[in-house]
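Enquirer: sequence first, predicted coordinates after that:
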Amino acid sequence: MRSLSILIHGEPGVGKSWLGASSPAPRLILDAEGGSRFTPGLKMLWDPSLYAPPAFPENGEWESCRVIVREWRTVELVYQWLNMGNHPFRSVVIDSITEIQRRVIDHASGIEQPALNEWGYVLRVMEDHVRKIRDLVEHPIKPIECVCLITLTHLRDGIFRPFVRGQLELTLPGYVDTVGYMKLEIGPDGNFFRRLQIAPLGGIDAKDRTNVLLPAYGAFIDNPNLSVMVDLIDQATG
């Protein structure tokens, strides 16, 4: 089965957006931070408030379709289009959940500090949306091959965890197949490379329940590529 839902967390600048851009194309990127501007591949813009998703890209006109997320309503509109199944996308990347949650907070309380009941609303909205996006991998009309959720990371209780606010920090990792912690390393030749940790070692929140990636790679995936990972899962599970 060609499906993977994955949560990637890490410090700014380690290549999380680049990893998202390695998911199977054509891919949809909900960009709340502007990181997809610098990723490789041909891109186009889509405004879901004005028109339907683009047609399947013939002759390689584009690989990544960017939706600029300035408000929560944009995220809701995107999901409505995706759930109808009439779109060309094989992957969905949310970059980042950390910033999307801030859009929900803005929607709930504006510039004011959220009240207690508003925090409850933020949690319910975010959990509901993450589950609905994840469930697109089993959509009855147009299943998505790869759902990639990106967050920042932070240290809490001695463990580096995906950085979201409130109880979502505890529930978010449970919604996906794989949680990976991304960092930059320096090789013997002095060059940088990206490393994705998918096992909970050394105070890192990470996991893999596919029963494919850990046996294939071990705890660390050097220079990870989501398309390759989806292919491995497909070959192993048929």
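Expert: Looks like it came in fine.

Enquirer: can we go C-alpha only for contacts and neighbour counts from here?
Expert: OK.

Enquirer: run the chain-centre distance for the longest strand along the chain.
Expert: Using DSSP state E, we find that the single longest strand of the chain is strand 146-156. Centroid separation for strand 146-156 versus its chain: 7 Å, with Cα atoms, centre = their mean, to the nearest Å.

Enquirer: partners of that strand, with directions?
Expert: strand 4-10 (parallel), strand 91-95 (parallel), strand 159-163 (antiparallel) (DSSP bridges).

Enquirer: now do the second one: everything it contacts.
Expert: Contacts made with strand 91-95 from outside it, assessed by Cα atoms under 8 Å, 6 or more residues apart in numbering, are listed as 17, 20-21, 23-33, 35, 144-151.

Enquirer: just to revisit the earlier point, closest one to V228 among the strands paired with strand 146-156?
Expert: Comparison of those against V228 by Cα to Cα identifies strand 4-10 as nearest, at 11.2 Å.

Enquirer: neighbouring contacts of the closest one?
Expert: 16, 134, 137, 145-153, 161-163, 173, 176-183, 230, 233.

Enquirer: show me where this structure has strands.
Expert: Using DSSP E, strands in the chain cover 4-10, 27-31, 43-45, 64-68, 91-95, 146-156, 159-163, 178-186, 192-197, 207-208, 220-222.

Enquirer: which residues touch Y181?
Expert: Y181 is in contact with I8, H9, G10, L196, Q197, I198, I204, D205, A206, counting by Cα under 8 Å, 6+ apart.

Enquirer: tell me where the model's unsure across the chain.
Expert: Per-residue confidence for the chain (pLDDT under 70) gives these ranges: 111.

Enquirer: what about the longest helix in it?
Expert: The single longest helix within the chain, with elements called by DSSP state H, is helix 116-134.

Enquirer: just to revisit the earlier point, now, of the strands paired with strand 146-156, which is deepest in the fold?
Expert: strand 91-95 (a mean of 28; mean count of other Cα atoms under 10 Å).

Enquirer: centre-most residue in the chain?
Expert: Centroid-nearest residue in the chain: L149, 1.8 Å away (criterion: Cα atoms, centre = their mean).
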